[in-house]
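Asks: Below are the sequence and a predicted model; questions follow.
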Amino acid sequence: MDERTRSGVRWDDLSAFLAVARTGGLSAAARETGASAPTLGRRMRALERALGRELFVRRTHGYDLTDAGRAMVHELEGVAGRIERITARPAGDALPLVKLSAGTWTTLVLVRRSLELAGDPPDLRIRFLAAEDILSIGRREAAIGIRNRRPTEAGLAGRKLARVHFAAYAAPGAPQDWIRVYADTPSARWVAARAGDATLHEVSHPRLALDLALAGAGRVVLPSFIGEAEPRLTRAGEPIEELSHDQWLVTHDDDRRLPEVRRAIDRVCRILG
């Protein structure tokens with residue numbers, strides 16, 4: 001909810017003011033609040049205009065408070081403390097939820113490191129949404145999405161991760177038959193173009209194709225971070241360069257500043273970056 005004082009000042013602008021006042025500069029306050037330094041600078045100028053008083057003396061080394069700024073800090077600190085006590089999470093309450101959307105293979109990697117994602121001690125709940133279809137970040141179907149292309153939709157932010165490579169893998173002694181996945185993905189289309197209708201094994205989900213390959217049923221195309229990590233499989237051919245792509249972490253511009261989303265982003269980047 002967009003709570004405002006009677007002067008039209010937003011309460012979160014007052015909170016940002018306290019962060020700048022405490023830290024003495026925009027960069028340090030940006031690390032504390034999650035907003036960018038330029039954004040904080042614009043908000044402080046707008047706050048001064050709305051209140052009709054100068055709150056800071058802007059110097060090369062940072063932001064110093066004026067007399068009016070110091071008086072406002074004194075007035076707000078008690079209020080801020082009461083607001084923090086009112087909005088504090090009660091003991092035993094559920095941890096903040098972050099919905100994370102990715103394809104089957106990336107989700108498998110993240111699930112295997114779910115304790116790292118949750119934090120130590122846990123400070124997040126992660127809901128893994130494994131799907132080959134792309135969920136909408138703009139409509140908040142997920143807070144974080146791992147994609148194979150840079151986002152172009154307005155309001156979305158992207159962060160490039162590691163490059164992903166693909167190859168065929170099979171168990172030793174397995175037949176050369178392709179294991180075909182019925183999904184609309186580049187790797188599934190690549191196999192379909194080569195296997196045609198002459199396939200012994202067809203599955204509706206990529207994870208089942210891996211299980212068939214482990215059982216010695218044939219060849220499967222996998223990202224190298226899955227295939228190389230599986231000791232029961234060996235690479236059956238050269239890397240498939242046409243399937244290589246950069247991986248992108250995508251969030252909404254507004255959501256990426258939420259503390260729980262920022263923590264999840266940092267942890268995902270450590271795992272996938």
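Replies: Structure's in. What do you need?
Asks: measure Glu141 to Leu97 for me?
Replies: 13 Å (CB to CB, to the nearest Å). To be clear about C-beta, it is placed using only N, CA and C from the backbone, and glycine gets the same treatment.
Asks: Between the two, which has more neighbouring residues?
Replies: Glu141 (14 against 11; other CB atoms under 10 Å).
Asks: close enough to count as contact, that one and Leu135?
Replies: Yes. Using CB atoms under 8 Å, Glu141 is in contact with Leu135, at 4.0 Å.
Asks: anything in contact with each of these two?
Replies: 101, 129 (CB atoms under 8 Å, 6 or more residues apart in numbering).
Asks: domains of this structure?
Replies: Domain segmentation of the chain under automatic domain parsing yields 11-87, 97-164+245-272, 166-243.
Asks: What segments of the protein are strands?
Replies: 56-59, 62-65, 97-102, 125-130, 144-147, 156-164, 166-170, 179-181, 201-203, 220-223, 234-235, 245-252 (DSSP state E).
Asks: would you list these in a markdown table and tack on distance to Arg49 and mean pLDDT?
Replies: Shown next, in a markdown table, are these (distance: least, CB to CB, whole Å; pLDDT from 0 to 100):
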| stretch | distance to Arg49 | mean pLDDT |
| --- | --- | --- |
| strand 56-59 | 13 | 91 |
| strand 62-65 | 16 | 92 |
| strand 97-102 | 36 | 94 |
| strand 125-130 | 40 | 92 |
| strand 144-147 | 36 | 94 |
| strand 156-164 | 28 | 94 |
| strand 166-170 | 55 | 98 |
| strand 179-181 | 58 | 94 |
| strand 201-203 | 62 | 92 |
| strand 220-223 | 52 | 97 |
| strand 234-235 | 63 | 97 |
| strand 245-252 | 28 | 94 |
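Asks: Turn the ones you listed into a markdown table, columns for distance to Asp13.
Replies: Putting those into a markdown table (distance: least, CB to CB, whole Å) gives the following:
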| stretch | distance to Asp13 |
| --- | --- |
| strand 56-59 | 14 |
| strand 62-65 | 15 |
| strand 97-102 | 26 |
| strand 125-130 | 30 |
| strand 144-147 | 27 |
| strand 156-164 | 22 |
| strand 166-170 | 48 |
| strand 179-181 | 51 |
| strand 201-203 | 54 |
| strand 220-223 | 45 |
| strand 234-235 | 56 |
| strand 245-252 | 21 |
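Asks: of those strands, which approaches Leu108 most closely?
Replies: strand 125-130 (7.9 Å; CB to CB).
Asks: what packs against that closest one?
Replies: For strand 125-130, the packing partners by 3 or more CB pairs under 8 Å, 6 or more residues apart in numbering; DSSP states H and E come out as strand 97-102, helix 104-112, helix 114-118.
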